[in-house]
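Enquirer: Whatever this is, show me its structure:
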Amino acid sequence: MPLSVETPDPDRPVGRDHPSLDAIKGIPVIDVDTHLTEPGDLWTSRAPTKYKDLVPRVSFLDGADFYTTMGWTRDSDKPSPVWVVEEDIALGFAGGGSVINKDNEKVKGSEFIKWPLTDVSPGATFVEPRLEMMDDVGVLAQIVYPNAVGFGGQGFAKIKDPELRLLCLTIWNDVMVEMQQQSGGRLFGMGIVPWWDIDLAVGEVERIHSLGIRGVNLNADPQNQGLPELSDSYYTPMWDAISALDLPVNFHIGASVSQTSYSGTGPWPSMTNDQKIAVGSSLMYMSNSRIITNFIYSGLLDRHPKLKVVSVESGVGWLPFLLTALDYQADENNVDNLKLKPSDYFRRQIYGCFWFEEGEQMMQDVERVGVDNCMFETDFPHPTCLYPQPLHGIAKTFADTDAPWETRRKLLGSNAARVYNIDLPDHV
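Expert: Residues are numbered from 1 along each chain as shown. Okay, the predicted model is just below:
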């Protein structure tokens, strides 16, 4: 019999003791997709003296029209704060994509793109305020991704000096180690791999693992930046190292130079900024179908059967159709290089993440994909995030569908603990 769930004020956070969360009471929650709105001095405060004026830093560049770059309509001539590197090479907006303002209020639409770093929530940037926000909403731990250098670190390719490029990457990874330690093991930043040099990649994977990093973050399409594709034998030593160390490799949507814009090429030019971000965000979820399909059909997962692959911020509702299509097309087109059915590789090695999907349909989709292959996320503090009540929808879904207790634990925490090798308490 479905439980009765009290609906709270939608604009205010609710704690774990609120009746609306009774269906998940006591379950430790790991949120597998959040982002760091990088502080303006993240790189400059840690760089050697000779590089302080060259590492990523916040500036106002004349003529840096990122509204046009994003395909949006610019409504002001005022320069936007941007991240720059080397001799004023622009990386992107210096607002981190946070829609949670400095008063911890969520603001919908594209208004956030005008905010300087001083106008975003302290919890988007700093450890202690973030832990307070996590406690307020009932989240135990979070996986954390970058903003300034691209979700897959693809922005590092803009840096021409190879020594500076590697320095900027290692500073990011060192900050992820610091954040994990400062949070008492509640914030787990993903380490970025220097995908442009296989020897550097293997060395950095081994280094960050030794420092406690629980997963790696990778450019989805290095072939678009003059390097081999990920299935090429060039990358075999990297895959061997990642597999041997049991590190999941994460592919966040938008993690390549061909997927960097919130809007992309999807919206029609006449649309408003708000319409464009809605179109781009909706279409970007399914862009990871390319990653999943190529990983499977290329035979890469046959060669690396212990590799764990996570499709981040892509949802799960479209996955049952994709897996059915992959099995069908493999048969129809004589794909004979695989030892298993395509869908079997997914269930053995690939994981999907959901957040806004709710209700009976979502639970059916999860069952079809595989309960062991799905994890919960919130996308804090980005435009599609679940703040200020990230757990309300999933708790209501569990209550309304009378989902088994073990399924609830797997989807909210224990799957993520297994994938990212995180010690999870039995109860919170």
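
Enquirer: For stretch 219-235, measure first residue to last.
Expert: 12 Å (Cα to Cα, to the nearest Å).

Enquirer: what does stretch 308-320 give?
Expert: So stretch 308-320: terminal residues 19 Å apart, Cα to Cα.

Enquirer: swap in stretch 370-382?
Expert: Note: stretch 370-382 ends 27 Å apart using Cα to Cα.

Enquirer: now swap in stretch 345-353 and tell me
Expert: 17 Å.

Enquirer: And for stretch 383-391?
Expert: So stretch 383-391: terminal residues 17 Å apart, Cα to Cα.

Enquirer: and that stretch, which residues are buried?
Expert: The neighbour-count check on stretch 383-391 (16 or more other Cβ atoms under 10 Å) flags 383, 384, 385, 386, 387, 388, 389, 390, 391 as buried. Bear in mind the C-beta positions are built from the backbone N, C-alpha and C, glycine included.

Enquirer: One more: stretch 358-376?
Expert: 358, 362-363, 365-366, 368-376.

Enquirer: Pull the most distant pair out of those residues.
Expert: 358 and 372 (20.4 Å; Cβ to Cβ).

Enquirer: Tell me which stretches of the stretch 301-428 of the chain form strands.
Expert: 309-312, 350-354, 374-376 (DSSP state E, counting those that start in this stretch).

Enquirer: Ignore what I typed, I meant the stretch 1-150 of the chain.
Expert: 30-35, 57-60, 81-85, 89-93, 141-145.

Enquirer: would JSON lines of these with distance to residue 341 be doable?
Expert: Below are the strands of the stretch 1-150 of the chain laid out as JSON lines (distance: least, Cβ to Cβ, whole Å):
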{"stretch": "strand 30-35", "distance to residue 341": "26"}
{"stretch": "strand 57-60", "distance to residue 341": "49"}
{"stretch": "strand 81-85", "distance to residue 341": "44"}
{"stretch": "strand 89-93", "distance to residue 341": "40"}
{"stretch": "strand 141-145", "distance to residue 341": "29"}
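
Enquirer: The ones you listed: which one's closest to residue 339?
Expert: Here strand 30-35 is closest among the strands of the stretch 1-150 of the chain (Cβ to Cβ), at 28.9 Å.

Enquirer: which helices and strands sit right next to the closest one?
Expert: strand 141-145, strand 309-312, strand 374-376, helix 415-420 (3 or more Cβ pairs under 8 Å, 6 or more residues apart in numbering; DSSP states H and E).

Enquirer: please redo it, this time with the cut-off set to 7 Å
Expert: Identification of packing neighbours for strand 30-35 by 3 or more Cβ pairs under 7 Å, 6 or more residues apart in numbering; DSSP states H and E yields strand 141-145, strand 374-376, helix 415-420.

Enquirer: By mean pLDDT, flag the weakest helix or strand of this protein.
Expert: Least confident helix or strand of the chain, by mean pLDDT, DSSP states H and E, is helix 66-69 with a mean of 56.

Enquirer: one step back: with distance to residue 207 and mean neighbour count added, can I get the strands of the stretch 1-150 of the chain in JSON lines?
Expert: What follows is the strands of the stretch 1-150 of the chain, written out as JSON lines (distance: least, Cβ to Cβ, whole Å; neighbours: other Cβ atoms under 10 Å):
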{"stretch": "strand 30-35", "distance to residue 207": "23", "mean neighbour count": "26"}
{"stretch": "strand 57-60", "distance to residue 207": "25", "mean neighbour count": "17"}
{"stretch": "strand 81-85", "distance to residue 207": "22", "mean neighbour count": "22"}
{"stretch": "strand 89-93", "distance to residue 207": "24", "mean neighbour count": "20"}
{"stretch": "strand 141-145", "distance to residue 207": "19", "mean neighbour count": "26"}
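
Enquirer: what's the burial count for residue 286?
Expert: Residue 286 has 15 neighbours, counted by other Cβ atoms under 10 Å.

Enquirer: That one falls within a strand, correct?
Expert: No. Under DSSP: H, G, I helix; E, B strand; the rest coil, residue 286 sits outside any strand and is assigned helix.

Enquirer: give me phi/psi at the closest residue to it other than its chain neighbours?
Expert: Distances taken as Cβ to Cβ, 6 or more residues apart in numbering place residue 318 nearest to residue 286, at 5.6 Å, with adjacent residues excluded. Recorded main-chain torsions at residue 318 are phi -90, psi -10, according to degrees, to the nearest 10.

Enquirer: Next: residue 384.
Expert: phi -100, psi 10.

Enquirer: which residues touch it?
Expert: 281, 356 (Cβ atoms under 7 Å, 6 or more residues apart in numbering).

Enquirer: Could you tell me how far residue 241 is located from residue 334?
Expert: 34 Å (Cβ to Cβ, to the nearest Å).

Enquirer: Tell me the gap between whichever strand or helix holds residue 170 and the middle of its chain.
Expert: Here residue 170, judged by DSSP states H and E, is contained in helix 162-182. In terms of Cα atoms, centre = their mean, to the nearest Å, the centre of helix 162-182 is set 18 Å apart from its chain centre.

Enquirer: on that earlier part again, now the strands of the stretch 301-428 of the chain in CSV, please, with extra columns for mean pLDDT and distance to residue 102.
Expert: Putting the strands of the stretch 301-428 of the chain into CSV (pLDDT from 0 to 100; distance: least, Cβ to Cβ, whole Å) gives the following:
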stretch, mean pLDDT, distance to residue 102
strand 309-312, 98, 27
strand 350-354, 98, 28
strand 374-376, 98, 27
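
Enquirer: any chance of those in TSV, with distance to residue 266 too?
Expert: Listed next are those as TSV, based on distance: least, Cβ to Cβ, whole Å:
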stretch	distance to residue 266
strand 309-312	19
strand 350-354	21
strand 374-376	26
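
Enquirer: where's residue 33 relative to residue 252, distance?
Expert: Counting by Cβ to Cβ - residue 33 and residue 252 are separated by 7 Å.

Enquirer: tell me, what's touching the two both at once?
Expert: Taking Cβ under 7 Å, 6+ apart as the contact rule, residue 33 and residue 252 both touch 145, 312, 313.

Enquirer: Check whether the last one really touches residue 252, as I assumed.
Expert: Looking back up the chat, that one is residue 313. Yes. The criterion here is Cβ atoms under 7 Å, and residue 313 meets it with residue 252 at 5.9 Å.

Enquirer: Those two: which is more packed in?
Expert: residue 313 (28 against 25).

Enquirer: Pull out the buried residues from the helix holding residue 170.
Expert: Buried, per 16+ other Cβ under 10 Å, within helix 162-182: 164-177, 179-180.

Enquirer: Just the pLDDT for the residue lying closest to residue 21 once chain neighbours are set aside.
Expert: Spatial nearest neighbour of residue 21, excluding adjacent residues (Cβ to Cβ, 6+ apart): residue 395 at 4.7 Å. We have a pLDDT of 98 for residue 395.
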